[in-house]
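Colleague: Sequence and predicted structure, then a few things I'm wondering about:
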Amino acid sequence: GRGSLLDYGMFLENLMVAARGHGLHTCPQAAWNGFSRIILPHIGAADNEMLVCGMALGYADETALVNTFRTPRVPAADFTTWLD
């Protein structure tokens, strides 16, 4: 259920780290959620199942323009408080 969304994120993170360790690239995509009514019947999902996300897995074409886009990153210090 929705209470497990954090678990899903941590699972995906581990899958993505493992993929990079094997030379693969990933692209997790929450946008698939907007199409769950179309997708779920095609993958044989039961009525009590939900679509959380999709993820592309494979070898990135480093020469493709779309793969050169990088989002800006905020330094961790801007949103983190470390407690002793």
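Modeller: Thanks, I have the structure now.
Colleague: show me where this protein has strands.
Modeller: Counting by DSSP state E, the chain has strands at residues 25-29, 54-58.
Colleague: nearest residue to A45 other than its sequence neighbours?
Modeller: Distances taken as C-beta to C-beta, 6 or more residues apart in numbering place L51 nearest to A45, at 7.4 Å, with adjacent residues excluded. C-beta here means a position set from N, CA and C on the backbone, and glycine is covered the same way.
Colleague: and the one you found, how far is that from L24?
Modeller: Note on L51: its distance to L24, by C-beta to C-beta, to the nearest Å, is 22 Å.
Colleague: ok, now A64?
Modeller: Distance from A64 to L24, by C-beta to C-beta: 16 Å.
Colleague: Of the two, which one has the most company?
Modeller: Neighbour count, other C-beta atoms under 10 Å: between A64 and L24, L24 has more, with 15 against 8.
Colleague: Now the phi/psi pair for the more buried one, please.
Modeller: Phi and psi for L24, reported as degrees, to the nearest 10, are phi -100, psi 160.
Colleague: need the contact list for N33.
Modeller: L51, V52, C53 (C-beta atoms under 8 Å, 6 or more residues apart in numbering).
Colleague: Now do Y59 against I43, distance only.
Modeller: Counting by C-beta to C-beta, the gap from Y59 to I43 is 24 Å.
Colleague: what do you get for R20?
Modeller: From R20 to I43 the distance is 26 Å (C-beta to C-beta).
Colleague: In terms of neighbours, single out the busier of the two.
Modeller: The residue with more neighbours, out of R20 and I43, is R20; 11 against 8, by other C-beta under 10 Å.
Colleague: looking at the strands of the chain, which is closest to D84?
Modeller: Proximity to D84 (C-beta to C-beta) singles out strand 25-29 among the strands of the chain, at 33.7 Å.
Colleague: mind listing what the closest one pairs with, with the direction of each?
Modeller: Sheet pairing of strand 25-29 (DSSP bridges) gives strand 54-58 (antiparallel).
Colleague: what distance separates the partner strand from the middle of the whole chain?
Modeller: 8 Å (C-alpha atoms, centre = their mean, to the nearest Å).
Colleague: Skipping adjacent residues, who's closest to S36 in space?
Modeller: Nearest to S36 is L51, by C-beta to C-beta, 6+ apart, at 4.0 Å.
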